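>>> Build me a structure from this.
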Amino acid sequence: MLVTEYRTDVVSAPERPALFEEITAGSYIRNRLRSNDREDFRAKVRALDLGELQVSALSFPHLEIARTARIIRQSDPEVYMINYHLGGEGSFSQAGNNTAFHAGDLTVLDSSHPFDAHRHTLQDSWPQLIVQLPHKLLPLPEKTVQRLLAVPISGRCGMGGVFARWLTDLNTRAGEFTPADIPTLASVILGLLASALARFLEAEAELSPEARRNALQARINAFVEQHLADPDMTPQTIADAHHISLRHLQHLLAGNATSPAAWIRHRRLERCRLDLANPRA
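Residues are numbered from 1 along each chain as shown. Take a look at the predicted model:
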């Protein structure tokens, strides 16, 4: 299992804020936390470990988060945190940008720069997903990413929507994955994320040819996963949806020693296997 879950209600109410701070410092980065709900701070975290990359779902009440210059000097893993807000409300402040976010927004934070955040979430769901990855993994220049810090990016449409839907599905199926799935999952996340950020900035030209190829493959992977139940999905419909030729699609999959039709069949059989093995299905 790649998933680890934490809850604060396993300890008494006075101990819960400290436990949550310990959990987030160990799983993410160390910050200074404060809440108006310290008397009964009920929070939970579910982390999907994909090697250098981590995807987590969080639920908590009111929370104020501050990452100060002093904390950064003491410890900085040099990571980006991409936040997808499914519910609740709040604001982020970093690199001179101050923004309020809403459900459906994506925001980028950098552990190497001070930031402040204020969050109010719903506790009966997973209102926030976070992708954390080292700077070096994102195939965009650091100066380009700095333009995105604490800037709301829509996860309701376009490439931001594709990335957000992929994250939501990934969170829903987090318990189904095995270590063998890590390279594929990490590749899809990085490809979709780089494509979404570059499209938002109209900076696709700053992606290397390899990064553009990976982003296209990631979009195709996400499209196939989301349409596995559609009997009309064929290699040609996949190619048409991504404005490429069938030959180009075949070329993209040639490195995996498979054909588009065989790949679709394999993914459908794998989805069937997972559904049959799921006692709740």
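>>> could you pull out the strands for the stretch 51-200 of the chain?
53-59, 63-67, 79-85, 89-94, 97-101, 105-110, 115-120, 128-134, 153-154 (DSSP state E, counting those that start in this stretch).
>>> Please identify which of these is closest to R16.
strand 63-67 (12.1 Å; Cβ to Cβ). All C-beta spots, glycine's among them, are computed from the backbone N, C-alpha and C.
>>> The closest one pairs with which strands?
Using DSSP bridges, the strands paired with strand 63-67 are strand 32-34 (antiparallel), strand 115-120 (antiparallel).
>>> Please identify the deepest-packed of those.
Most buried of those by mean neighbour count (mean count of other Cβ atoms under 10 Å) is strand 115-120; its value is a mean of 19.
>>> Mean pLDDT and distance to S12 for the strands paired with strand 63-67 - can I get that in TSV?
Shown next, in TSV, are the strands paired with strand 63-67 (pLDDT from 0 to 100; distance: least, Cβ to Cβ, whole Å):
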stretch	mean pLDDT	distance to S12
strand 32-34	92	18
strand 115-120	90	24
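>>> re earlier: mind putting the strands of the stretch 51-200 of the chain into CSV with distance to L170?
Below are the strands of the stretch 51-200 of the chain laid out as CSV (distance: least, Cβ to Cβ, whole Å):
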stretch, distance to L170
strand 53-59, 6
strand 63-67, 24
strand 79-85, 11
strand 89-94, 23
strand 97-101, 21
strand 105-110, 14
strand 115-120, 21
strand 128-134, 8
strand 153-154, 18
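>>> follow-up on the earlier one: L106 is nearest to which of the strands paired with strand 63-67?
The minimum distance between L106 and the strands paired with strand 63-67 falls on strand 115-120, with 14.2 Å, by Cβ to Cβ.
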